[in-house]
Structure formats: C-alpha cells, structure tokens
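> Output the structure for:
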Amino acid sequence: MRIALTAEGTYPHQFGGVSVWCDQLVRGLPEYDFGLVALVATGVEPVRWELPPNVTGLSVLPLWGPPAPAGRGSRWLRPRSGPPVAELFEVLLAPPDEAQDRFGAVMRELFEYAQRENLSAELASERSVRLLSEAWRRHWRLDHPPPTLQDAVTAIQLLEHALRPLSHPPPRADVVHAVTNGLGALPALAARWRYGTPIVVTEHGMYMREHYLHSRQDPYRWPVKQLHLQFLRRLCVLGYTEAAVITPGNVYNKRWEAELGADVSRIRTVYNGVNPADFPALEDEPEVPTISWAGRIDPIKDLESLLRAFALIRAELPAARLRIFGSTPPGREPYLARCQAMAAELGVADAVTFEGRVALIRDAYAAGQVVVLCSISEGFPYTLIEAMTCGRPCVATDVGGVTEAIGDTGLVVPPRRPAELAGACLALLRDDDRRRRLGAAARQRSLEYFTVDRAVSAFDEIYLFLGTGRPLPVAPAGPVTERPAAAEPAAEAAAEPAAEPAAGATVTYLEATG
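Coordinates of the predicted model:
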C-alpha cells in the first residue's frame, strides 16, 4: 500500500516529538511505501532526518517565500468565473456554530480554482481586499470601531499563505495520513476531493488550543486574529468531518475533538510509544541533586516557570542543579536569550546549563535525579514516556495527556505554578526511597502500555482496514478510558472568542485557558 504522510513544520525538516513519531511509524511499517508531504516555511529548510528506503518521495509545500505555482488546468474541472472569495469571507464572519457545511463547499471550490488558476494572485488583488472590507462593515457592531484597510490587507495575506497547499497537485496514495489537523490536513483534503482517498487525522497536541495560546503573541489587531482563528477552527472541523478515522494521542484530545464537532464513533486513541531497547533502566543517579529537562526551546514549554521554580528549589537546596537539553527552532532564539537572561536575574545562572540538543536523549534523562515537564500545552509527550522507560520519576504539569502517561508513578502540578512545581521537585529530591520506588513503577507502566510496537500495530491495522473498505474493530483497552471530570474542556471551549469580542478579550480568554 501507498501512504501519503502530511505534516506541518515537522518531519523530516525538524526534530521534536512529532518527528520522532513519524520516523517510528515509517520505519516500523517497512512493507508500506510512504510519500512525505511537508508543509514548511520557505522551502529552503534542510532535511534533518535520514529517510528509510520505504520513503518513496518527498513533496515540499512552502507556505511563505515566493507565491504558490499557478494551476495548470484540468479537464475534469468545470470552468467558472472566479473563486468564491466573497463567500469565504461571509462564512468566516458567521457565528462559529453556523455555516460549517458551506465552508466545506467553499474550500472545495477554492481547491478547484487553485488547480487551474492563480489563487494567490486572486487573493492578493484589490478586489479581495474590497470584498473583505465590505463584509466586515456588514457584520461589525456599530458600537465597536470597524476594522481598518490595513486589517483587511493583513488578514488576506494570512489566508493567502494558509491556502497555498491547495495550488499543489494532490498526493496520490491508498490512504492519506495527516499528522496534524489544520493546515497540515489541506493536502489530505485535496486528495479526498480529487481521488476519494480515505483520510486518517492524528493529533498529538490540540491544534486549535495551541493556536489560541499562540495568538496572544501575534502582532495583529483583534479583527485579524478573530478572522484567522475562525478560519483555522473551521478548517479543523472540516478535517474531522472528512476523516475516516481520527486518532488522537490521548483521551484528553478526544474530548477536545468531540467538543469541536468530531464524530466520536470515528475516534480511536493511539498512544505514542518508545522502543524499550533504546531506553534501558538507569542504575545510577547524579551525585548532586539535579533536575533535567528535555524538549524544544519554545514558549509553549514554559521554561520561565521552571526557572522561577528552580530559584525556589535553590533557596532550599543550594547544591541543586538544573540541566536543560534541547534545540532552539528557527525564530525562537529570542526566547532562549530571554530564558538565559532570566536565569541571571534570578541569581541561578551558575547552576543552570542550557546544553542544546543531545545526541542520545537517554543521556538527558540520566543527567537528572528527577525529569521535569513544565509545558502549558502538550499532547502525549515523548519526554515523559522515554524518561519513565528509563526508570526516572517525573514531575509534570497537568496538560493534555500527561496524567494518562504518568498515572500514579510521578507528581502532577498545575501549569504556570512555579511554587507548586518547586514543591513537587523538592519532595522527590529529598526522599531517595520514594524517588526510586516511583521510578521503578514508571518503567513498569511504560513497558506495559507505551511501546512503539503497540502504536505501530494500531496504524498497521487502520491502514489495512481503510484500504479494504472494512469497518475498524473495537479498539483495545488502554491505561485509561476517560479523563478526570475536572479536566473537561467544555469550559475552555465555551470561553472561545465570540465573533464580536470586546476589547481585551484575547488576553482574558487565553489567561483562562492557560
């Protein structure tokens, strides 16, 4: 069988948990041919992974840089006067619970237009700017200042770049597997519209939740943010609607997906897994109390809370050390510099080391007595199950599938609470017996539930059933069946930005969900 694997900003051009997952999947199924469809920034990014022999092709789709190629025409497409740009704007300005079916039809018409004409040029035209400005005036409340011409230009630029994948030839495969929702699902949707290919959508982190969180840092005015977030939300719902199977990496994601409109009968949770041979049990510990952290240097990982927590730990244990491992993605260098400056301001720079990417990730876990994860959003983190397989106890924030991974083998604290994070770390650093007992239990739990063979076998089964058109059997039981009620995402979803928010609503919503 041929599988088209589509991803946004990850494999094979970046490192990180999602890329590890992709590489495991491709290498674990050597009997399948994989064609990679990679959404990247500019198209000049180097391939950072050595690709296995069953990767039979790599299509690179830049979202920025030069415009997407103009369509070459196709006999199967009906001619029409132009793309439904005005309808797109009307749909995006409608309330979130309305016009979703029309959005799917509009997206398909945009795809058909992009395959034969220059969609980028049409969206960049004065006509499109005028249409959006007129639509905003019709929908905007009179007691709020209307969006400006600059807002219209900026919003259309964001949409034009987001829609560039529709101008590329759809991938041809027996199954198309989108490794994320949102923009990463666009090539999958194109393949379904052109060839009827069945789609698998896998979400590691929650695409929409992370975009809501990131949006508070965007330099755009609220009307632009609102329109862009509405586009991404509708696109995610469309991805769920068109998918034959939705495979979240944890039960927490499943509840978000259901809240956003996914058919729960199509959802099948597949946990990430590791190869136990790559993470044998660690027998020794550092001689001094040491905390290790591993991951990419990114604001969503919230290293600032970790540094504040470590300052509190250092006040109690002056010999304590913090070792931070991980690469800095392009564009995140200022965040790394900010963290380094914060360590100096807190007076702990002499005990904190930023050590970059480590060749063997197991060495990062061996470097600490306790492994910490302090993110404000996660899916099902590899760092946790890798550290657990090594027998290291973990302290982690209660986000995404973290509690599903740890169970009762580590300590979980709320995100953005440095004092509670510090207290949990101190509890383990000061209690040798408890630390070692939890580490042993963590390894046993990981070996039982979170192995790569288990994860790969699940997708082997999914591909085979989709390829033959048979319904999937009932999924096997996992370590949990539901997320605790306290983590129900309905309250977060209910706080989603309204179509016409008051000033400051961005910060209010994101602080509530953060």
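
> Just the pLDDT for residue 118.
Here the pLDDT value assigned to residue 118 is 94.

> next one: stretch 251-264 to chain centre, how far?
Relative to the centre of its chain, stretch 251-264 is centred 15 Å away, using CA atoms, centre = their mean, to the nearest Å.

> Next, the buried residues of that stretch.
Neighbour-count burial for stretch 251-264 flags 251-262 (criterion: 16 or more other CB atoms under 10 Å). For the C-beta atoms, the positions are set from N, CA and C on the backbone; glycine is no exception.

> Distance check, the residue nearest to the spatial centre of the chain against residue 250.
Nearest to the geometric centre of the chain sits residue 205, at 4.0 Å (CA atoms, centre = their mean). Look at residue 205 and residue 250: by CB to CB, to the nearest Å, they are 10 Å apart.

> Spell out which residues are contacts of both of the two.
Jointly contacting residue 205 and residue 250 under the rule CB atoms under 8 Å, 6 or more residues apart in numbering are 379, 400.

> Tell me, how many residues neighbour residue 296?
Residues near residue 296, counting by other CB atoms under 10 Å, number 16.

> end to end, how far does stretch 359-371 reach?
Start-to-end span of stretch 359-371 (CA to CA, to the nearest Å) is 18 Å.

> Is the residue nearest to the centre of the chain located within a helix, as I assumed?
No - if the criterion is DSSP: H, G, I helix; E, B strand; the rest coil, then residue 205 is coil and not within a helix.

> Model confidence score at it, please.
Looking at residue 205, its pLDDT reads 80.

> Can you pull out the low-pLDDT segments for this protein?
Scanning the chain for pLDDT under 70 picks out the ranges 68-81, 142, 473-478, 480-514.

> Could you tell me which helix of it is the longest one?
Secondary structure of the chain per DSSP state H: the longest helix is helix 222-242.

> and it, what other elements does it pack with?
When contacts are defined as 3 or more CB pairs under 8 Å, 6 or more residues apart in numbering; DSSP states H and E, helix 222-242 packs onto helix 85-93, helix 100-116, helix 149-162, helix 186-195, strand 199-203, helix 207-215, helix 505-513.

> That helix to strand 199-203, inter-axis angle?
Put simply, helix 222-242 runs at 130 degrees to strand 199-203, going by axes from the mean of the first three to the mean of the last three CA atoms, to 10 degrees.

> now helix 222-242, how far from the centre of its chain.
Chain-centre distance of helix 222-242: 15 Å, with CA atoms, centre = their mean.

> immediately after it, which helix or strand?
strand 245-248 (DSSP states H and E).

> Report the inter-axis angle for the helix or strand just after that next one versus helix 222-242.
Remark: after strand 245-248, the chain's next helix or strand is helix 251-259, criterion DSSP H and E. Using the same axes, to 10 degrees, the inter-axis angle of helix 251-259 relative to helix 222-242 is 100 degrees.

> Return the distance of the helix or strand following helix 251-259 from the chain's centre.
Next in sequence after helix 251-259, counting helices and strands by DSSP H and E, comes strand 290-294. Counting by CA atoms, centre = their mean, strand 290-294 is centred 23 Å from the centre of its parent chain.

> can you list the residues that contact strand 290-294?
303, 306, 310, 313, 320-326, 358, 361, 364-365, 367-374, 383, 387, 425, 429.

> before we move on, the earlier item: and the buried residues of stretch 251-264, which is closest to residue 330?
Among the buried residues of stretch 251-264, residue 253 lies closest to residue 330 (CB to CB), at 26.9 Å.

> Can you tell me which of the contacts of strand 290-294 end up in strands?
Of these, the ones assigned to strands by DSSP state E are 321-325, 370-373.

> could the residues you listed be laid out in a markdown table, adding neighbour count and distance to residue 54?
Converted to a markdown table, these look like this (neighbours: other CB atoms under 10 Å; distance: CB to CB, whole Å):
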| residue | neighbour count | distance to residue 54 |
| --- | --- | --- |
| 321 | 22 | 43 |
| 322 | 25 | 41 |
| 323 | 19 | 37 |
| 324 | 27 | 35 |
| 325 | 22 | 30 |
| 370 | 26 | 39 |
| 371 | 27 | 33 |
| 372 | 28 | 37 |
| 373 | 25 | 32 |
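
> nearest to residue 17, of those residues?
Ranked by distance to residue 17 (CB to CB), those are led by residue 373 at 11.1 Å.

> neighbours around residue 113, how many?
Quick note: residue 113 (other CB under 10 Å) scores 22 neighbours.

> Please, where are all the helices along the stretch 301-450 of the chain?
In the stretch 301-450 of the chain, helices defined by DSSP state H, counting those that start in this stretch lie at 303-316, 333-345, 361-366, 382-389, 402-406, 418-429, 432-449, listed in chain order.

> what about stretch 411-423, how long is it end to end?
Taking CA to CA, the first and last residues of stretch 411-423 lie 10 Å apart.

> Which residues outside that stretch are in contact with it?
So stretch 411-423 is contacted by 302, 305-306, 308-310, 312-313, 316, 372, 374-376, 393-399, 402-403, 406, 424, 427-428, 514 (CB under 8 Å, 6+ apart).

> Output the buried residues of stretch 251-264 in a markdown table; the columns should cover distance to residue 462.
Shown next, in a markdown table, are these (distance: CB to CB, whole Å):
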| residue | distance to residue 462 |
| --- | --- |
| 251 | 18 |
| 252 | 21 |
| 253 | 16 |
| 254 | 16 |
| 255 | 21 |
| 256 | 21 |
| 257 | 16 |
| 258 | 19 |
| 259 | 23 |
| 260 | 21 |
| 261 | 21 |
| 262 | 16 |
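
> Give me the domain ranges for the chain.
For the chain, the domain assignment from automatic domain parsing gives the residue ranges 2-73+169-272+489-513, 276-449.

> and the last one, how far apart are its ends?
By CA to CA, the extent of domain 276-449 from end to end equals 11 Å.

> I'd assumed residue 297 was in contact with residue 336.
Yes - if you go by CB atoms under 8 Å, residue 336 and residue 297 touch, sitting 4.9 Å apart.

> Give me the common contacts of these two.
Taking CB under 8 Å, 6+ apart as the criterion, residue 336 and residue 297 both touch 328, 354.

> Name the nearest residue to residue 448, ignoring sequence neighbours.
For residue 448, ignoring the flanking residues on the chain, the nearest one in space by CB to CB, 6 or more residues apart in numbering is residue 479 at 7.7 Å.

> Apologies, that question was intended for residue 407.
Excluding the flanking residues, the one nearest residue 407 by CB to CB, 6+ apart is residue 445, at 5.6 Å.

> now swap in residue 338 and tell me
Take residue 338 and drop its neighbours on the chain: the residue closest to it by CB to CB, 6+ apart is residue 304, 7.6 Å away.
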